[in-house]
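Engineer: 3D model of this:
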Amino acid sequence: MSTIAFDQFALTRIADFARSLSRLHQASRHKFVDDDEIDREFNAVCRSIWGYTIDDISDELFSPADHAFLDTLDEAQARIFAAEQGYDLVDDTGMLTDWWGYCWMILAEKRGLLTSENRTAARAAIEEKYLAAPNVIGVIVGR
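Structural biologist: Got it, this is the predicted structure:
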């Protein structure tokens with residue numbers, strides 16, 4: 001018998017926040033859905049849960065060991081990791097499609113990376129990257 005037991009009712013069920021995103025993923029099987037639309041909806045889910053998005057955290061803030069951990073995660077390991085941190089990655093049909101991104105956010109939370117200072121730095125780096133591109137004269141950012 002497993003020594004790991006989780007109280008399902010004590011877990012934050014990400015699927016409850018991701019219903020619109022799940023519908024988009026299902027729709028994308030039958031018709032074209034713009035990747036940007038999926039990204040916006042994923043970010044909306046993250047904002048609802050954590051108050052931050054993946055774009056608010058620079059990759060460099062994670063250690064090499066964290067990157068190796070994320071890169072080797074499979075669905076089973078992700079489900080255990082998320083549950084250990086108080087999150088559920090399963091919806092009514094199985095594992096959430098964007099489970100890896102949610103694990104990224106869960107790890108960022110665990111490491112204390114979800115701060116306004118890190119958000120400001122990450123957004124500045126994104127703007128700098130865009131401004132360095134040829135033919136870009138400005139970046140409009142909705143805050």
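Engineer: what comes up buried for stretch 70-81?
Structural biologist: Buried residues in stretch 70-81, counting neighbours by 16 or more other CB atoms under 10 Å, are found at 73, 78-79, 81. In this view, the C-beta of every residue, glycine as well, is placed from N, C-alpha and C.
Engineer: tabulate the residues you listed (TSV), appending secondary structure and pLDDT.
Structural biologist: TSV is the format used below for the buried residues of stretch 70-81 (DSSP: H, G, I helix; E, B strand; the rest coil; pLDDT from 0 to 100):
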residue	secondary structure	pLDDT
73	coil	96
78	helix	97
79	helix	96
81	helix	97
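Engineer: of the residues you listed, closest to residue 40?
Structural biologist: residue 78 (23.0 Å; CB to CB).
Engineer: low-confidence regions, this structure specifically.
Structural biologist: Residue ranges of the chain with pLDDT under 70: 1-9, 141-143.
Engineer: in it, which spans are helices?
Structural biologist: In the chain, the segments counted as helices under DSSP state H are 19-27, 35-50, 64-72, 75-84, 99-110, 116-132.
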